[in-house]
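Student: sequence and predicted model, in that order:
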Amino acid sequence: MSDLTEEFLQSLASESPQSAERVAVLRTLLEKFVELATLDSDLGDLRVAVTALNELLEASTLFSQWRGHPKLAVFGSARTKPENPLFEMARQLSATMADRGWMTVSGAGPGIMEASAKGAGREHTLGVNIELPFEQFANPFIDAETMLVAMQYFFTRKVAMTRPSNAFAIFPGGLGTMDEAFEVLTLLHTGKTTPAPVVLMDTPDGTFWAQWMDFVRHAIIADDYIGEHDMCLVRLCTSIDEAVDEIERFYSNFVEFEVHSGRGRIIIKQAPTNEQLAQLTHTMPQFNTGAGYALDDPTSLSFDFEGRNFVSLRMLIDQINAWTD
């Protein structure tokens, strides 16, 4: 089987050039396929694996066409009616972000998902629908032919929606929305997704997220399940301007983050002054071990990073963005 695998990879490379990294990933995928075929795996498990892989690849194909566009993932209840003020907030937020060149990533169903798609428009909405026997169907504001994929599994849907997104807006909702909210925060908290802003959207007189924050403070933080600073990953916003400011501020100087050989590197738009760089050694000393902070070039700030402290990383990004004030 290994000979057949290598023969296939060589044939593929002869038809279209493949990078070494891509060949390595494809080899692993083929070897796993052979392993599954030779094991006495449960047929149901095999079907789950095939379906999940197919769904992820379909989503990747769709999103790859829009790789250069920033994306806002919007979550919220499928049961929010058009007369609800939250519906109009979702519409306005996506419309405002579309005017700024952003795409909206929507669950494609009714409620908040429909409102966000309506605001962004068919040309600026990417839909990731979930197949359910009730209440979930693609809304009329999504181009179902070219801008929509359907998922059987919630976990593949969440991967498809979160992985390519550059910001997250979460409106009040039920169990599904809570699942998505905690998924996003868990990914950011553990570094399983790229740092990104998260806004919790509510009306000025709404209490949904305020009560949620009270629960987090009085139950989760108070009992030491997470730290007090961990909630810097989210911000409660009660207006469109506030949400847009939060998202745009996050990218006012920060561009991207990556890790190589124990060193974190943040690509920035504006280089710090000597005073600003020196200040980091005092305000964020956890990244000043070993070689400490260094400007590799005017738009690249590196520092020691042991693969943890992603909350501290967010706090560092906030300080870097403050350099543009």
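Tutor: On my side now, so go ahead. Numbering: from 1, shown residues only.

Student: can you pull out the helices in the chain?
Tutor: Counting by DSSP state H, residue ranges of the helices within the chain are 2-15, 20-38, 43-64, 85-99, 112-120, 154-162, 175-190, 208-215, 240-250, 274-283, 310-322.

Student: deepest in the core, which of those helices is it.
Tutor: Per residue and on average, the most neighbours among the helices of the chain fall to helix 112-120, with a mean of 29 (mean count of other CB atoms under 10 Å). Glycine gets a C-beta too; all of them are placed from N, C-alpha and C.

Student: what angle sits between that one and helix 175-190?
Tutor: 70 degrees (axes from the mean of the first three to the mean of the last three CA atoms, to 10 degrees).

Student: other SSEs contacting helix 112-120?
Tutor: In terms of contacts (3 or more CB pairs under 8 Å, 6 or more residues apart in numbering; DSSP states H and E), helix 112-120 is packed against strand 71-75, helix 85-99, strand 103-106, strand 125-130.

Student: now with 6 Å?
Tutor: helix 85-99, strand 103-106 (3 or more CB pairs under 6 Å, 6 or more residues apart in numbering; DSSP states H and E).

Student: mind checking which of these is nearest F33?
Tutor: Among the helices and strands packed on helix 112-120, the nearest to F33 by CB to CB is strand 103-106 (29.7 Å).

Student: got the CA coordinates for stretch 174-184 in CSV?
Tutor: Output of stretch 174-184 as CSV, limited to C-alpha atoms (Å, rounded to 0.1, in the frame of the first residue of the first chain):
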residue,chain,number,x,y,z
GLY,A,174,-30.6,29.2,23.2
LEU,A,175,-28.5,26.1,23.7
GLY,A,176,-27.0,26.2,20.2
THR,A,177,-25.9,29.8,20.7
MET,A,178,-24.4,29.0,24.1
ASP,A,179,-22.6,26.1,22.5
GLU,A,180,-21.1,28.4,19.8
ALA,A,181,-20.2,31.1,22.3
PHE,A,182,-18.3,28.8,24.6
GLU,A,183,-16.7,27.0,21.6
VAL,A,184,-15.3,30.4,20.4
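
Student: out of the helices and strands packed on helix 112-120, flag the one nearest T28.
Tutor: strand 103-106 (28.0 Å).

Student: can you list the strands that the closest one pairs with?
Tutor: strand 71-75 (parallel), strand 125-130 (parallel) (DSSP bridges).

Student: mean pLDDT for the helices of the chain - can I get that in a markdown table?
Tutor: Formatted as a markdown table, the helices of the chain follow (pLDDT from 0 to 100):
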| stretch | mean pLDDT |
| --- | --- |
| helix 2-15 | 81 |
| helix 20-38 | 83 |
| helix 43-64 | 90 |
| helix 85-99 | 98 |
| helix 112-120 | 97 |
| helix 154-162 | 95 |
| helix 175-190 | 97 |
| helix 208-215 | 98 |
| helix 240-250 | 98 |
| helix 274-283 | 93 |
| helix 310-322 | 97 |
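
Student: looking at those helices, which is nearest to F168?
Tutor: Closest of those to F168 is helix 175-190, at 5.3 Å (criterion: CB to CB).

Student: any residues touching that closest one, and which ones?
Tutor: Helix 175-190 has contacts (CB atoms under 6 Å, 6 or more residues apart in numbering) with 75-77, 158, 168, 170, 193, 233.
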